[in-house]
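J.: attaching a predicted model along with its sequence, questions to come.
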Amino acid sequence: MSKVVSVHSFRGGTGKSNVTANLATMIARSGKRVGIVDTDIQSPGIHVLFGLDENKISYTLNDYLWGRCAIEQAAYDVSQTVKIKPKPFNFGMSGAIYLIPSSIKTGEISRILREGYNARLLNDGFRDLSRRLKLDYLFIDTHPGINEETLLSIIISNILVVILRPDHQDYQGTAVAIDVARKLDVPKIMLVVNKALPKLNFPALRQQLQTAYGTTVAGILPVCEEMFHLGSSDIFSLRYPEHAWTQEVNAIAKQIMHSK
């Protein structure tokens, strides 16, 4: 049975999709079968990190939600993009990563905003996708804030990863997100601080947040110049495998995999 990992932030601009893509890549490269669903339907973009050509996307999550296709028809195998090599014949299944993008077409986004959709259909799709692709992990890249689809995603999650910046507005919003997750009985909640200035006292920040929220700080990711230069054109951990940011993401990925 797949382990469902929702990656959420209360506000936009936290680097949520970037962290999601790198965590999923790390876990897939360890030999696991991983799916990512971009449920940030109003402002999608995680497909850019995986170099998925918009002109070659036949179906998206929007098409599934409007009954145009089965969920697995909107799944794209991006394993080669993240340099996962298939195992030789008779050596079992190798790691793989599948991406279900949301549409970036203006008309489709406008329709979502205007008409909405049956958010509960999302959860049916998550289950079908996990079963049909034999996924070990399903990452859900959520829409920032609290809305119906986010709540439904959180409800079925085994792990909720909340991304925040060292910012007082993020601190307040994160408190709301964690309170909601506890009321929904999410088995495991992890905090990940992103875009932290290297000059900050990371151990003190970790202790401060763990005390304030009563939950684990799985990692603190430093802001770095290389990230800005990359400009979401690639998976950071593949381009800079020895970087401190990559090492910290790898440590977070291991916590997810070792979580019961």
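T.: Perfect, thanks for sending it. These numbers come from a predicted model, not from an experiment. Residues are numbered from 1 along each chain as shown.
J.: ok, residue 33 - contacts?
T.: If you count contacts by Cβ atoms under 8 Å, 6 or more residues apart in numbering, residue 33 has them with 93, 95, 96, 97, 98, 133, 134, 135, 136, 137. Every C-beta, even on glycine, is put in place using the N, C-alpha and C of the backbone.
J.: now it. Its backbone dihedrals?
T.: When quoted as degrees, to the nearest 10, the phi and psi of residue 33 stand at phi -90, psi 120.
J.: what secondary structure does the nearest residue to residue 137 once chain neighbours are set aside sit in?
T.: Excluding its sequence neighbours, the residue lying closest to residue 137 (Cβ to Cβ, 6 or more residues apart in numbering) is residue 34, at 4.8 Å. When classified by DSSP: H, G, I helix; E, B strand; the rest coil, residue 34 comes out as strand.
J.: about what we covered before: any of the contacts of residue 33 buried? List them.
T.: 95, 96, 97, 98, 133, 135, 136, 137 (16 or more other Cβ atoms under 10 Å).
J.: would you map the strands across the stretch 151-260 of the chain?
T.: Using DSSP state E, counting those that start in this stretch, the strands found in the stretch 151-260 of the chain span residues 159-164, 188-196, 216-222.
J.: now those strands as TSV including mean pLDDT and mean neighbour count?
T.: Below are the strands of the stretch 151-260 of the chain laid out as TSV (pLDDT from 0 to 100; neighbours: other Cβ atoms under 10 Å):
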stretch	mean pLDDT	mean neighbour count
strand 159-164	97	26
strand 188-196	97	22
strand 216-222	97	21
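J.: is it possible to export these to CSV including distance to residue 143?
T.: Listed next are these as CSV, based on distance: least, Cβ to Cβ, whole Å:
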stretch, distance to residue 143
strand 159-164, 13
strand 188-196, 17
strand 216-222, 21
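J.: wait, residue 112 sits on residue 43?
T.: No - if you go by Cβ atoms under 8 Å, residue 112 and residue 43 don't touch, sitting 10.8 Å apart.
J.: the more surrounded of these two?
T.: Counted by other Cβ atoms under 10 Å, residue 112 and residue 43 do not tie: residue 112 has more neighbours, with 17 against 13.
J.: let me see the contact set for the more buried one.
T.: Contacts of residue 112 (Cβ under 8 Å, 6+ apart): 41, 42, 62.
J.: would it be right to say that it lies in a helix?
T.: Yes - assessed with three-state DSSP, residue 112 lies in a helix.
J.: quick one: pLDDT of it?
T.: Residue 112 carries a pLDDT value of 73.
J.: how close does the residue nearest to residue 137 sit to residue 219?
T.: 19 Å (Cβ to Cβ, to the nearest Å).
J.: with residue 48 instead?
T.: Taking Cβ to Cβ, one finds residue 48 at 23 Å from residue 219.
J.: do residue 17 as well
T.: Taken as Cβ to Cβ, the span from residue 17 to residue 219 is 17 Å.
J.: what's the burial count for residue 118?
T.: Other residues within reach of residue 118, judged by other Cβ under 10 Å, total 12.
J.: report pLDDT for it.
T.: Among the per-residue scores, residue 118 shows a pLDDT of 75.
J.: now do the same contact list for it.
T.: Residue 118 neighbours (Cβ under 8 Å, 6+ apart): residue 65.
J.: run through this protein and note the low-pLDDT ranges.
T.: 85-93 (pLDDT under 70).
J.: helices of that one, residue ranges please.
T.: 16-29, 46-49, 61-65, 106-115, 120-132, 148-155, 168-183, 202-213, 225-230, 236-239, 244-258 (DSSP state H).
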